[in-house]
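Student: A predicted structure for the sequence below; I have some questions about it.
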Amino acid sequence: MTRALFISLFSCLAAINQASLINRCDLAKVLHQEDLDGFEGYSVSDWLCLAFVESHFNISKVNEYADGSSDYGIFQINSHHWCNDYQSHSENTCHVACKELLSPNLLATIKCAKKIVSKAGGMKNWAAWSIHCAGRPLSYWVTGCHMG
């Protein structure tokens, strides 16, 4: 029993250690520097809310689905429509390898996210944003962050 508990605890700690988390204010600064504040009418607070509800600020998050597609990175961008995972059919609208969406520099992710938001529906292309962020006061997401 003790051995099973130890193995389970070790597995959880290993999984936590593999996560690439970014600080909320560090992400806010990057989003601001990459001109996402006001892009297509969305604020940095919208983007922070999206990143939190999709990945809890985990840059390396990958979520696999039964249809063979996967969501990648901090904004959980799907391989079926937006990036190429070289495993499933992809429209690859962003013209990017899905693994690039896991990069800590976030440039490929931001470029693809801008393309997604520029399409019809804007941030509503992310169901989690529609459910948890749309129409809500979001200014608290940038509280205490110095973006300039």
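Tutor: Done, it's in. Residues are numbered from 1 along each chain as shown.
Student: quick one: contacts for residue 136?
Tutor: When contacts are counted by C-beta atoms under 8 Å, 6 or more residues apart in numbering, residue 136 touches residue 49. Quick note: C-beta positions are derived from backbone N, CA and C, even for glycine.
Student: pLDDT wise, what is it at?
Tutor: Residue 136 carries a pLDDT score of 97 in this model.
Student: element containing it?
Tutor: Per DSSP states H and E, residue 136 falls between elements, in no helix or strand.
Student: how about the nearest residue to residue 73, chain neighbours excluded?
Tutor: residue 101 (3.9 Å; C-beta to C-beta, 6 or more residues apart in numbering).
Student: SS state for the one you found?
Tutor: Taken by DSSP: H, G, I helix; E, B strand; the rest coil, the conformation at residue 101 corresponds to helix.
Student: distance check, it against residue 137.
Tutor: Separation of residue 101 from residue 137 (C-beta to C-beta, to the nearest Å): 29 Å.
Student: neighbour count winner among these two?
Tutor: residue 101 (30 against 7; other C-beta atoms under 10 Å).
Student: contacts only, for the more buried one.
Tutor: Counting by C-beta under 8 Å, 6+ apart, residue 101 has contacts 72-73, 75, 77, 83, 108-109, 112.
Student: residue 80 now?
Tutor: Here residue 80 is in contact with 67, 69, 88-91 (C-beta under 8 Å, 6+ apart).
Student: if we use 6 Å, what do you get?
Tutor: By C-beta atoms under 6 Å, 6 or more residues apart in numbering, the contact set of residue 80 is residue 69.
Student: what of residue 59?
Tutor: 20, 22, 74, 104.
Student: residue 58: which of the contacts of residue 101 is nearest?
Tutor: residue 73 (8.4 Å; C-beta to C-beta).
Student: could you measure from that closest one over to residue 119?
Tutor: Going from residue 73 to residue 119 by C-beta to C-beta gives 18 Å.
Student: more neighbours, the two?
Tutor: Between residue 73 and residue 119, residue 73 has the larger neighbour count (other C-beta under 10 Å), namely 27 against 13.
Student: that one is in contact with residue 107, isn't it?
Tutor: No. Counting by C-beta atoms under 6 Å, residue 107 is not a contact partner of residue 73; they are 11.6 Å apart.
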